[in-house]
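A.B. asks: structure of the sequence below:
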Amino acid sequence: MEHFNNLTPKEDELLALLMEECGEVIQVIGKIMRHGLESWHPTDDALVSNRSLLELEIGHVIAAYERLHDASIVRTTVVESSRARKHLTVEKWLHHQE
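C.D. replies: Numbering: from 1, shown residues only. The predicted model follows:
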């Protein structure tokens, strides 16, 4: 039976992966904004900083993106063009960058 959104199970799974990883980045950013980059969870024996968690989760997002690319769900040329445009258009909204 075809799903209403016409996604294949593979497409659905990879989009869910990206969504989960983006959510984890958002969660870490919230921790950083509340407690700082170098803070860590008080019960974490490994003392992994929020900065390290952010780096880890951004890596997971990149891995999910690469899987989307490999499955021909997203096109690198379009993503790279969008990335380059964002660098130009975001400048007027950033207040604390050089």
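
A.B. asks: moving C-terminal of the helix of greatest length in the chain, what's the next helix or strand?
C.D. replies: Here the longest helix in the chain is taken by residue count, with DSSP state H as the criterion, and it is helix 9-35. Elements were assigned by DSSP states H and E; along the chain past helix 9-35, the next helix or strand is helix 50-70.

A.B. asks: I'd like to check the angle between that following helix and helix 9-35, please.
C.D. replies: Angle of helix 50-70 versus helix 9-35, following axes from the mean of the first three to the mean of the last three CA atoms, to 10 degrees, is 160 degrees.

A.B. asks: who are the packing partners of helix 50-70?
C.D. replies: For helix 50-70, the helices and strands in contact under the criterion 3 or more CB pairs under 8 Å, 6 or more residues apart in numbering; DSSP states H and E are helix 9-35, helix 76-89. Any C-beta I mention is one placed from the backbone N, CA and C, and that applies to glycine too.

A.B. asks: picking up where we left off before, packing partners for the longest helix of the chain?
C.D. replies: Contact here means 3+ CB pairs under 8 Å, 6+ apart; on that basis helix 9-35 packs against helix 50-70.

A.B. asks: how far off centre is the helix it packs on?
C.D. replies: Taking CA atoms, centre = their mean, to the nearest Å, one finds helix 50-70 lying 6 Å from the centre of the chain it belongs to.

A.B. asks: buried ones in it, by neighbour count?
C.D. replies: Buried residues in helix 50-70, counting neighbours by 16 or more other CB atoms under 10 Å, are found at 50, 53, 54, 57, 60, 61, 64, 65, 67, 68.

A.B. asks: where does the protein dip in pLDDT?
C.D. replies: Residues of the chain meeting the criterion pLDDT under 70: 1.
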